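Asker: Here's a sequence, model it:
(chains A, B, C and D)
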Number of protein chains: 2
Amino acid sequence: MSQYVAQQSSLCQHCAMSGMCFDKSNTKIVSKSRSHKIFHKTDALFRAGEKFDAIYILRSGSVKASLVSGMGQEQITGFYFPGDLLGLDGFETGEHSQTLKFLETSSVCRIAYSELDAAMANSSSIRFKLLQGMSEALNLDDKFILNSHCMNASQKFASFLLNLSEKFENRGLSSHIFDLSMSRVDIANYLGMAVETVSRQLTQLQKEQTIDVNKRRISILDIQRLHDCVNGDKLLSNQFIAMPKTRMSHHAIASY
Amino acid sequence: MSQYVAQQSSLCQHCAMSGMCFDKSNTKIVSKSRSHKIFHKTDALFRAGEKFDAIYILRSGSVKASLVSGMGQEQITGFYFPGDLLGLDGFETGEHSQTLKFLETSSVCRIAYSELDAAMANSSSIRFKLLQGMSEALNLDDKFILNSHCMNASQKFASFLLNLSEKFENRGLSSHIFDLSMSRVDIANYLGMAVETVSRQLTQLQKEQTIDVNKRRISILDIQRLHDCVNGDKLLSNQFIAMPKTRMSHHAIASY
DNA sequence: CGTTCATTTGAACATGCTCAATTCCTGTGG
DNA sequence: CCACAGGAATTGAGCATGTTCAAATGAACG
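Answerer: Okay, the predicted model is just below:
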């Protein structure tokens, strides 16, 4: 029996849907083999408008999800990492509304909708896991909207780095040294700012010795400083200072 | 039997989960009675941090959903209208992450999670409807992020009005005359701009005879004009004019 | 009525965008 | 291996949008 355990690849350890592949005791593979597939940088898992018939779990690598506006503007709505669920946008209309492009060589695990539906019929925990995954995606989006509206450029950028750091840590990777799989343009697009602004944030943080930047490799030197940035303490001591009447604006805090 | 049909209140006609209350033929109530409840303006359906044990369907009235940032900033993430699913944020952690406040006297239909789970176990169509509802919420958020990042103030505001108009139309109400149940401050917060900017957008559109504003009552006089605004044609004729190299920015178009 | 809150309006200023030019990589082919 | 081309990233300077601040007006409610 132990050889079956071995088949629970390390790639599966953070999978949201591991319950579909392993029984509760996690000692045995219970269901059909999943269909795994490798993709390369710039490949698309699917594009907006394509038929939806499966969800996917990212096993390795990274992906960006994007939308195009009526005017042809692309907007990146998220970056995804191993263990994340992909394709949840497709349930609404039966067509995907997003386009998912790989940022590096990656592998995904495909779960056909028919298979998913059958699993949901049988297992309350599978039902819950999927709802949980979708709820998480929803809450992430909402937090992102909050940040988009309440933060200025440096706050948003610091928040972005900390989010990445946390994601890597949760996946057992280094939280303070990591490579960005996305370009500066992608980051700018995602955060809703100009590329030039992203670049300036990087150089600024490097000058301050908060991070070290080498090409796409980021080393976080002072994580507390990043947290302070998020809170808007660009130049303040760590002492509490009475805030001005807090309006909704991005600039309320930055004006110090 | 016809008296049972009568119990399918007109409030239920747009309900996303109507499948839980009526069988396929829609001629007979099949399940336990739902628990309906009336709320008043400023009441909260639930607050961030409260235990999640049910989802809700708005039967009448309107609600705003909001999040609070670490710094106490409130961010409205959405407005909801009859037929909309509420409480989907709670699956992630078992606690609500949002706060839902009523904007006017409203009624909701409560579906306990246990009941929902049982219904999902039995019915593929219920499973699908719920996933569809969550997927729709997700896509809405993503489109909103796109708009937030790609549009300037007047585009965002015109888009907001058109979205409302469409929502009212889908619910059988007038698409060109309606009352805003939310304050200017709420609108500003939602759209990520200052109240003053919202006010200026309103007066601007009124001056142009695009809409008529009377307190919270909006009359859309020229809906095509609003669509044009969304597309950034603030001052242009309807002829196509070569756009400048389209960068991501809000101001790319507005600079005409 | 008078207090309070919501909304509007005006004027100045700041953040972050646009534009333009340069530097730095990467990969490709001679 | 080096030169070159094309893309990615950086840097500087001016400017526009939309915010901030201040004040006035209007509506609502006791």
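Asker: Would you confirm that A:Glu136 contacts B:Gly90?
Answerer: No: A:Glu136 lies out of contact with B:Gly90 (CB atoms under 8 Å); the separation is 11.1 Å. To be clear about C-beta, it is placed using only N, CA and C from the backbone, and glycine gets the same treatment.
Asker: So for those two, which sits in the more crowded spot?
Answerer: Using other CB atoms under 10 Å in any protein chain shown as the criterion, A:Glu136 and B:Gly90 rank with B:Gly90 on top: 24 against 19.
Asker: coming back round to it: give me the common contacts of A:Glu136 and B:Gly90.
Answerer: Common contacts of A:Glu136 and B:Gly90 (CB atoms under 8 Å, 6 or more residues apart in numbering or on different chains): none found.
Asker: mind listing what A:Thr105 touches?
Answerer: With contact taken as CB under 8 Å, 6+ apart, A:Thr105 is in contact with A:Ile38, A:Phe39, A:His40, A:Lys41, A:Gly61.
Asker: Now render the residues you listed as JSON lines, adding distance to DNA strand C.
Answerer: Listed next are the contacts of A:Thr105 as JSON lines, based on distance: CB to the nearest atom of the strand, whole Å:
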{"residue": "A:Ile38", "distance to DNA strand C": "19"}
{"residue": "A:Phe39", "distance to DNA strand C": "18"}
{"residue": "A:His40", "distance to DNA strand C": "13"}
{"residue": "A:Lys41", "distance to DNA strand C": "10"}
{"residue": "A:Gly61", "distance to DNA strand C": "17"}
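Asker: tell me the mean pLDDT for stretch A:138-146?
Answerer: For stretch A:138-146, the mean per-residue pLDDT is 98.
Asker: Touching it from outside, list them.
Answerer: Identification of contacts with stretch A:138-146 by CB under 8 Å, 6+ apart yields A:77-78, B:65, B:67, B:69, B:73, B:75, B:77, B:88-89, B:92, B:97-98, B:134, B:137-138, B:141-142, B:144-145, B:148, B:192.
Asker: In strands, which of those residues appear?
Answerer: Mapping the contacts of stretch A:138-146 onto strands (DSSP state E) picks out A:Thr77, A:Gly78, B:Ala65, B:Leu67, B:Gln75, B:Thr77.
Asker: Just the closest of these to DNA strand D, please.
Answerer: Nearest to DNA strand D among these is B:Gln75, at 13.5 Å by CB to the nearest atom of the strand.
Asker: Quick check: nearest residue in space to that closest one, chain neighbours excluded?
Answerer: A:Leu146 (4.0 Å; CB to CB, 6 or more residues apart in numbering or on different chains).
Asker: if we can go back for a sec, out of the contacts of stretch A:138-146, which sit inside helices?
Answerer: The helices, defined by DSSP state H, take in B:Met134, B:Ala137, B:Leu138, B:Asp141, B:Asp142, B:Phe144, B:Ile145, B:Ser148 from the contacts of stretch A:138-146.
Asker: Can you give me the distance of the residue nearest to B:Gln75 to B:Gly94?
Answerer: 21 Å (CB to CB, to the nearest Å).
Asker: out of these two, which sits in the more crowded spot?
Answerer: Set A:Leu146 next to B:Gly94 and count neighbours by other CB under 10 Å: A:Leu146 wins out with 21 against 13.
Asker: I'd like the distance between A:His176 and B:Ala153.
Answerer: 39 Å.
Asker: typo on my end, it should be A:Ser175
Answerer: Distance of A:Ser175 to B:Ala153, computed by CB to CB: 38 Å.
Asker: Tell me, how many residues neighbour the residue of the stretch 101-250 of chain A at minimum distance from DNA strand C?
Answerer: Nearest residue of the stretch 101-250 of chain A to DNA strand C: A:Asn152, at 2.9 Å (CB to the nearest atom of the strand). By other CB under 10 Å, 17 other residues sit near A:Asn152.
Asker: and if you look at the one 5 residues further on?
Answerer: By the measure other CB under 10 Å, the count of residues near A:Phe157 is 25.
Asker: repeat for the one 3 residues further on
Answerer: A total of 21 residues lie near A:Phe160 under the criterion other CB under 10 Å.
Asker: That one is in what secondary structure piece?
Answerer: helix A:153-170 (DSSP states H and E).
Asker: what is the mean pLDDT for the following helix or strand past that helix?
Answerer: Scanning forward in sequence from helix A:153-170 by DSSP H and E, the next helix or strand is strand A:177-179. Averaged across strand A:177-179, pLDDT comes to 96.
Asker: go on, stretch A:209-219?
Answerer: 96.
Asker: ok, is it in contact with DNA strand D or not?
Answerer: Yes: counting by CB under 7 Å from any atom of the strand, contacts between stretch A:209-219 and DNA strand D involve A:Val213, A:Arg216.
Asker: is DNA strand C contacted by that stretch?
Answerer: Yes: with CB under 7 Å from any atom of the strand as the measure, stretch A:209-219 is seen reaching DNA strand C through A:Lys215.
Asker: Any buried residues in that stretch, and which?
Answerer: Going by neighbour count (16 or more other CB atoms under 10 Å in any protein chain shown), the buried part of stretch A:209-219 is A:Thr210, A:Ile211, A:Ile218.
Asker: Could you do stretch A:161-171 as well?
Answerer: With burial defined by 16+ other CB under 10 Å, the residues of stretch A:161-171 counted as buried are A:Leu161, A:Leu162, A:Asn163, A:Leu164, A:Ser165, A:Lys167, A:Phe168.
Asker: same thing with stretch A:195-207?
Answerer: A:Val195, A:Thr197, A:Val198, A:Gln201, A:Leu202, A:Gln204, A:Leu205, A:Gln206.
Asker: got a list of what the residue lying closest to A:Ser165 once chain neighbours are set aside touches?
Answerer: Nearest non-adjacent residue to A:Ser165, counting by CB to CB, 6+ apart: A:Ser175, 4.6 Å away. Residues counted as contacts of A:Ser175 (CB under 8 Å, 6+ apart) are A:Ser165, A:Glu166, A:Phe168, A:Glu169, A:Ile220.
Asker: Just put those in CSV and tack on distance to A:Leu130.
Answerer: Conversion of the contacts of A:Ser175 to CSV gives the following (distance: CB to CB, whole Å):
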residue, distance to A:Leu130
A:Ser165, 28
A:Glu166, 23
A:Phe168, 25
A:Glu169, 25
A:Ile220, 34
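Asker: What is the nearest of those residues to chain B?
Answerer: Distance to chain B, by CB to the nearest CB, is smallest for A:Glu166 among those, at 14.4 Å.
Asker: so how far is A:Leu164 from the nearest residue to that closest one once chain neighbours are set aside?
Answerer: Leaving aside its sequence neighbours, A:Glu166 sits nearest to A:Ser175 (CB to CB, 6+ apart; 7.0 Å). Separation of A:Ser175 from A:Leu164 (CB to CB): 9 Å.
Asker: just A:Met193 next, same as before
Answerer: Counting by CB to CB - A:Met193 and A:Leu164 are separated by 16 Å.
Asker: next one: A:Tyr80
Answerer: Relative to A:Leu164, A:Tyr80 is positioned 12 Å away (CB to CB).
Asker: Could you do A:Tyr56 as well?
Answerer: Separation of A:Tyr56 from A:Leu164 (CB to CB) stands at 21 Å.
Asker: now A:Ser181
Answerer: 10 Å.
Asker: follow-up on the earlier one: which among the contacts of stretch A:138-146 end up buried?
Answerer: Neighbour counting with 16+ other CB under 10 Å marks A:77-78, B:65, B:67, B:69, B:73, B:75, B:77, B:88-89, B:92, B:97-98, B:134, B:137-138, B:141-142, B:144-145, B:148, B:192 as buried within the contacts of stretch A:138-146.
Asker: Backbone dihedrals for A:Met182, please?
Answerer: Dihedral angles of A:Met182 (phi, psi; degrees, to the nearest 10) stand at phi -110, psi 150.
Asker: What's opposite A:Glu95 in the beta bridge?
Answerer: On the basis of DSSP bridges, A:Glu95 is bridged to A:Lys51.
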